[in-house]
Structure formats: C-alpha cells, structure tokens
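Peer 1: below: sequence and its predicted model.
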Amino acid sequence: MPAFPAALPAPRTPDPMAAPALRWGVLGTGWIAERFVASVRRHTRQRFTAVASRDAGRAKEFADRHGVARCHGSYEDLVAAPDVDVVYVATEHTSHLACARLALEGGKHVLVEKPIGLDAAQAAEIAGLAARKGLYCAEALWTFFLPKWDVVRQVLDSGVLGEIRTVLADMGEHFDAGHRILRPESAGGPLLDLGTYPVSLATWVLGAPAEVQAFGQPHPAGVNGQVSAILHDPHGNQAVVHTTLFSDTPTTATLAGTRATLSLPGPFHQPGDLVLTPSGGGAPLTYTEPRTAHDALHFEAAETARCIEAGLRETPLRPLADSVVTLRAMDAVRDRCGITFPQVPR
C-alpha cells in the first residue's frame, strides 16, 4: 500500500489559453449560457460565432451583450451554419435530447449541459448517435473538468485512501416561487439540477450501484422537494447522498477510505479546497485554489476543443458511459420515490 504522501499532487490541467480555437454556436440564452460564454471568452481563445433562441429578440440581446457575431431565431438555422464547429446546448433539461439530436444530425460536435438527458435512455440515445456520426459529444458537468478534480483523480488513482467504504455528498439550495426548478413541466425538483452532482460523485467513485434505496418529500409546487438515498456497490460500500430545494445546506462531500479520508468543503462541486487526512489522526494535507465559482466553466470548453482537435470522440474526464451510469442511478432513485417527469414514460 502506498505511504501517506508528503504533499498533495498538483493538477495536470493544461492551460485553457493553449487549447485550439474552435468556432462555437450556443443553443439557449439562459442563466448557464450567460456564465459559460462569459467565462470562456475571458479565459480561452474559443470564438462564439452564433447564438440561437426560439425568441429572436432574446438571441439578439444575448449576442449584443457578449459580442457574439450572429444571432438566430431558430436552433435549426444555427446548426446549419457552416462557421460553427461545435454546439453548446444550454436549453432547459427537457430540450437537451432534441437539441443534441439536432446538432449531431447536422454534423456538429456537441457539448450538452448537465444532465445530458432526463434519464439513462436519453443519455444512451445521444451517446449512440454521436458514435454513429463519428462526432465528439460530452456532458457539460463542469465539476469533472476543474483542476481541483484532477487532484481528486490523482488521489484516487494513488490508492492512498485504501478501500473507499463511504461516500457522503449533499447539495441543497433554497429557491423562490416562480423559479424553473419548481415547474413540473420543466422536469423540476432538485434531482436533475442539484442531485446530479452528489450522484455523479458517488457513481464515479464506487461505480454503478448494485442497489439503491431512497426517500423523497414533495414540494407544494407539485415537484419533488428533497431526496435522500443510499447507493451501495457489490461489496457493500455505501454512498449516502442528499439533495433539496427547500433549504441551503452545507453542500460538502467526503470520500472515506480505510487508510485516509478526502474532504471537499462546500460547495464541493466548485473550485476550492481539498483536505486529505490519514486515518487515526495525523497532520492533514490541504490543496487550495481560488473560489472562482462559475467563472471556471471555461475548463470544459478548453477540454472539448483539445479533444476535437485530437480526433477524440469523447473526453476521458467524463466519458459518456459515466453519464449513462449516473442517470441510471437517478432513474432508480426516482423509481423508489415515485418521482415522475411528464416527458419520460415509466
């Protein structure tokens, strides 16, 4: 077994400015699109040549605000444009499948906001279509592209934690009335928006669960309000995950092994600290990076550009098979809790 290290490793994340400059089209003009485009423009050489919305006025306002060369009042027009290499899908969750399908059928590489689909079947359909078309496709689950996450990756690969017996992960946020997350027709509730982070961590570390137990609580708006779940692997190692839209919670994560524990202070899915502590006591090791929040979205764009330039069809940082496994686990959570989405047949 490896000895406890003298220091945590440095991230191996390449300089985002060194990524080859591709021409991007953006489908959607909402909150995440605003932050993605702003971050990518600040920290990379990527070019935004087009943005599209079903509302032409919103597309124009977005283009003017962010210096995007051209705006479209339809997604189809953007996908047909010859000066777009890769499409970033930033629409509502319920449109991810249709928009990814549109982009891939149109011969464009695609980066789809998380969750890549409403369920595992949608994710698998997108992955299969990308493979048949020979195009790059990835889920824009930005956490996995952060420098901090590369440190986590190296710690896991080193074996210093020993056998990981427990994963604890939480993400809760209060939302006011009227927010999209409270609308049943938008596949609302915390599971897709927030729960993707703790569940993806659990399935990344422990693999596809052998069994899932879960309990939910409804929200007065007609969506699920919160979920707690236990996922265990074939050896009995357990992940305890929780997500809620009722309250702000610590949003922390812990990977507890037989030889050491890796703690991720809140918000664990964003840039920030890591603390590695040996079992039985001893001096902890800390990795620190600036808490830049969503200004770190550019890392996933830079990785996309590098992979496309290298001829890769997916990224090793978040393979499409991992996205399918995460959504399959969330499907099981929904099934245990009786959570349904109008757009997904049971």
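Peer 2: Perfect, thanks for sending it. Numbers count the residues shown, from 1 in each chain.
Peer 1: which helix runs longest in the protein?
Peer 2: In the chain, with assignment by DSSP state H, the single longest helix is helix 320-337.
Peer 1: return the set of buried residues in that one.
Peer 2: 320, 322-334, 337 (16 or more other Cβ atoms under 10 Å). The way it works is simple: take the backbone N, C-alpha and C, and place the C-beta from them, glycine included.
Peer 1: ok, residues contacting it?
Peer 2: Contacts of helix 320-337 with the rest of the structure, by Cβ atoms under 8 Å, 6 or more residues apart in numbering, involve 115-117, 119-120, 122-124, 126-127, 130, 137-139, 141, 191-192, 195-196, 199-200, 202-204, 207-209, 212-216, 224, 227, 229, 231, 314, 339-341.
Peer 1: ok, back up a step: nearest to Thr13, of the buried residues of helix 320-337?
Peer 2: Asp322 (18.4 Å; Cβ to Cβ).
Peer 1: filter the contacts of helix 320-337 down to just the ones in strands.
Peer 2: Among the contacts of helix 320-337, DSSP state E puts Cys137, Ala138, Glu139, Val212, Gln213, Ala214, Phe215, Gly216, Asn224, Val227, Ala229, Leu231 in strands.
Peer 1: for the fifth one, what are its contacts?
Peer 2: When you say that, I think you mean Gln213. Going by Cβ under 8 Å, 6+ apart, the list of residues near Gln213 reads Ala229, Ile230, Arg336.
Peer 1: relative to Thr326, how far out is the residue nearest the centre of the chain?
Peer 2: Centroid-nearest residue in the chain: Leu141, 1.7 Å away (criterion: Cα atoms, centre = their mean). Using Cβ to Cβ, to the nearest Å, we find Leu141 at a distance of 8 Å from Thr326.
Peer 1: anything in contact with each of those two?
Peer 2: With Cβ under 8 Å, 6+ apart, Leu141 and Thr326 have common neighbours Thr196, Ser200.
Peer 1: so what's the closest residue to Gly159 other than its chain neighbours up against?
Peer 2: Of all residues not flanking Gly159 in the chain, Pro2 sits nearest, at 5.3 Å (Cβ to Cβ, 6 or more residues apart in numbering). Taking Cβ under 8 Å, 6+ apart as the criterion, Pro2 is in contact with Ser158, Gly159, Val160.
Peer 1: could you say which helix or strand holds Pro2?
Peer 2: Assessed by DSSP states H and E, Pro2 sits outside every helix and strand.
Peer 1: tell me the pLDDT of it.
Peer 2: As summarised for this prediction, Pro2 has a pLDDT of 88.
Peer 1: hmm, back to that, for the ones in strands among the contacts of helix 320-337, work out which two are farthest apart.
Peer 2: Cys137 and Phe215 (33.9 Å).
Peer 1: higher neighbour count, those two?
Peer 2: Applying other Cβ atoms under 10 Å to Cys137 and Phe215 shows that Cys137 carries more neighbours, namely 27 against 12.
Peer 1: wait, that one sits on Lys108?
Peer 2: No. Judged on Cβ atoms under 8 Å, Cys137 makes no contact with Lys108 at a distance of 9.9 Å.
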